[in-house]
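Trainee: 3D, please:
(2 chains)
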Amino acid sequence: MTSALGSIGSRLIRLVLLLAAVAAASFALMAASPVDPVDAYVGGDIAAIGPEQRAQIAERWGLNDPPLERFGTWLANIARGDLGYSHTFNQPVADVIAGKFLTSLALMAVAWSLSGLIGFTLGVVAGVRRGRWADRVITWWAYTLSSAPTFWVGLLLLYAFSVSLQWTPICCAVPVGSIAGEVGLLDRLHHLLLPALTLSLVGIAPVTLHTRQAVAVAMASDYIAFARAQGERTFGLVLHHVLRNAAGPAVLLQFSSLGELFGGSVLAEQVFSYPGLGAATTAAALGQDVPLLLAIALFTTVFVYVGNQLGDLVHAWLDPRTHRAEVTA
Amino acid sequence: MKVAVQLDRRRRTLLYTGLSVTVVLAVVIAGSFAVDAASTTQLAGRNLSPSWAHPFGTDRLGRDMFARVLSGLRLSLVVGVSAAAISGVLAVLMACAAAVGGRVVDRAITWVVDLFLALPHLVLLILLAFALGGGTRAVIIAVAITHWPSLTRVLRGHARHVVSSDYVAISRQLGRGRWWIARRHVAPQLLGHFLVGTVLLFPHAILHEAALSFLGLGVDPAEPSIGVLLAESMRFLSAGAWWLAVLPGLCLLVVVKLVDAIGENVRALLDPRSHHL
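Mentor: Next comes the predicted model:
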């Protein structure tokens, strides 16, 4: 019990150290950027204000302080839970992230589960039928998919299903002109379908290829030969002996791919005008919204880190050998 | 009587690789010739669907899409080559330093690698492109300095393996310095992995450049990069202009697959064992 608490504690400490490093590095990047914060804030009204007003804004924001002092102030604010104010969305950054992340989470969760299920199934089929035509088709398809740009796949789906067939809506997370709170679950799913499919297609390839490899190794093992000699059929072999062995790498990979998943959602949300955190990232970069961009960098770091840790835990649970090795070492 | 000479797998692989390299080079050369045609507007022939005169159709200003795609592919390849080469060299330097530099340097490099992998890659790219002020130069730098961590991990493993070997121990006993060992013993052993790894970084670099340009944070929108072309096509997709989106993406896919095939084939030729399982 104490060791469990200790491991949670050490994981938390590592996360805090990592966050501190990411915060310092991204703050340095923002400070080095040629974007003038006052210009970015004033936007189109740039001609309407004079140099005195600019100087006042700069003074009020502490832009004349040395960078280290500004970093200290920013860090202290974050520690108090104040992430700043986003001028692109006219909301506090914390509210923007909380609201947008929930929208994105639905998208990412559906895509993540789909890609895991489809990828794992295809990988098992390819691994069991290694060298046959099913394997060749699946492997070729997976390699092709991994060379295809996410947003292009999205555009193809958008053209096929929304423009030509008109089965799915062309944009957004809810019907145009309706209030988000009054939209039914079915409508939401309808809008989620195509972006989620796009996002899942991208994640399928690595899972398929790694699962195929793991299944192929398991199928070549002595215990499979032995079980076969005892009269077990291929289906039983896969069910009782191969699945658990092949699940480890797939789970580990799936959890450690949260970074790519988020990257994919940035692109998918841009294609389908889906108002999630990915689209907010693009908007923040284009609108030169530094507080939001910094907060997103920190938030996604936590997201990726949690994914990696969960992957380790599930992998250890699926494959006790990794656990024992840790104890004896 | 045998008409065709039976080719073994090695020769076949060599042939495929040579063919792929030729096609990629041809795209680059054709792309440089297409730069002028890519920006020539012909307002009489706007939004034409593909035909013999314009195999890829024309866009909203009547510019020939085939020329624009060729010129965009060339830009993608140039960005990809420079980014992959810079990343590859960085990875070798880091791996050598980690192997011979002692525990502190090794720890530091591992930590930097972890730091780069802590953020989603695309978010890191967006931050860098933003910090560098956007534009083609910013994209090349951003893509170049974010692709080395994964390769560094692989190369560091191989480099440590070399450093722990007997002949390096003997070399050290003979009084050779760290730098000498890194140059004469470690770096030559990494050459094969470096070549393959760099070529396989290529597709990632090209796709990331296209993604950044698509989001509007990459190359100058006036330059016809594939990402820019696809971003422009979005506005005309609902009007049924499928050729603006389908064909540029398809060409990018083919080029990425070709480069990927070159990398895999070179790996198979340099390290045939890696290809048998």
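Trainee: Point to the residue nearest the middle of the chain.
Mentor: By default, I'm working from chain A. A:Phe262 (2.5 Å; CA atoms, centre = their mean).
Trainee: actually chain B
Mentor: Closest-to-mean residue, chain B, CA atoms, centre = their mean: B:Phe202 / 1.6 Å.
Trainee: how about the residue nearest to the centre of chain A, what does it touch?
Mentor: Contact partners of A:Phe262, counting by CB atoms under 8 Å, 6 or more residues apart in numbering or on different chains, are A:Met108, A:Leu277, A:Gly278, A:Thr300, A:Phe303, A:Val304, B:Pro120, B:Leu122, B:Val123. For every residue, glycine as well, the C-beta is placed using N, CA and C.
Trainee: How about the secondary structure of it?
Mentor: helix (DSSP: H, G, I helix; E, B strand; the rest coil).
Trainee: Which one (most neighbours) among the contacts of A:Phe262?
Mentor: A:Gly278 (33 neighbours; other CB atoms under 10 Å in any protein chain shown).
Trainee: what helix or strand does that one sit in?
Mentor: For A:Gly278, the host element (DSSP states H and E) is helix A:277-286.
Trainee: Say whether chain B is contacted by that helix.
Mentor: Yes. Applying CB under 8 Å from any CB of the partner chain, one finds helix A:277-286 touching chain B at A:Thr281, A:Thr282, A:Ala285, A:Leu286.
Trainee: got a list of contacts for that helix?
Mentor: By CB under 8 Å, 6+ apart, helix A:277-286 touches A:86, A:88-89, A:96-97, A:100-101, A:103-104, A:262, A:265-270, A:273, A:289, A:292-293, A:296, A:299, B:123, B:126, B:129-130, B:215-217.
Trainee: who does the helix or strand hosting A:Ala142 touch, helix- and strand-wise?
Mentor: Following DSSP H and E, one finds A:Ala142 within helix A:133-147. If you count contacts as 3 or more CB pairs under 8 Å, 6 or more residues apart in numbering or on different chains; DSSP states H and E, helix A:133-147 packs onto helix A:93-128, helix A:185-219, helix B:243-270.
Trainee: Ok, which of those comes nearest B:Ala34?
Mentor: Proximity to B:Ala34 (CB to CB) singles out helix B:243-270 among these, at 12.3 Å.
Trainee: Close to chain B: what parts of the stretch 201-329 of chain A are there?
Mentor: Going by CB under 8 Å from any CB, the residues of the stretch 201-329 of chain A near chain B are A:213, A:216-217, A:258-260, A:262-263, A:266-267, A:270-271, A:281-282, A:285-286, A:288, A:293, A:296-297, A:300-301, A:303-305.
Trainee: what's the burial count for the closest residue to A:Val207 other than its chain neighbours?
Mentor: The shortest distance from A:Val207 to any non-neighbouring residue, by CB to CB, 6 or more residues apart in numbering or on different chains, is to A:Gly119 (3.0 Å). Neighbours of A:Gly119 under the rule other CB under 10 Å: 26.
Trainee: And the residue of the stretch 151-277 of chain B that's closest to chain A?
Mentor: The nearest approach of the stretch 151-277 of chain B to chain A comes at B:Gly249, 3.4 Å away (CB to the nearest CB).
Trainee: Quick one, grab the pLDDT at that residue.
Mentor: Per-residue pLDDT puts B:Gly249 at 87.
Trainee: Does stretch A:101-114 reach chain B?
Mentor: No. Legend: contact between stretch A:101-114 and chain B by CB under 8 Å from any CB is lacking; minimum distance shown is 11.4 Å.
Trainee: Which positions within that stretch qualify as buried?
Mentor: A:Phe101, A:Thr103, A:Ser104, A:Ala106, A:Leu107, A:Met108, A:Val110, A:Ala111, A:Trp112, A:Leu114 (16 or more other CB atoms under 10 Å in any protein chain shown).
Trainee: any idea of the mean pLDDT in it?
Mentor: Rounded mean pLDDT across stretch A:101-114 is 90.
Trainee: which other residues reach it?
Mentor: In contact with stretch A:101-114 (CB under 8 Å, 6+ apart) are residues A:173, A:188, A:192, A:195-200, A:203, A:254, A:258, A:261-262, A:264-265, A:268-269, A:274-278, A:299.
Trainee: Give me the domain ranges for chain A.
Mentor: A:2-90, A:93-328 (automatic domain parsing).
Trainee: Need those in CSV (columns: distance to B:Gly31).
Mentor: Shown next, in CSV, are these (distance: least, CB to CB, whole Å):
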stretch, distance to B:Gly31
domain A:2-90, 30
domain A:93-328, 18
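Trainee: so where do the strands sit in the stretch 101-250 of chain B?
Mentor: If DSSP state E, counting those that start in this stretch is used as the criterion, the stretch 101-250 of chain B turns out to lack strands entirely.
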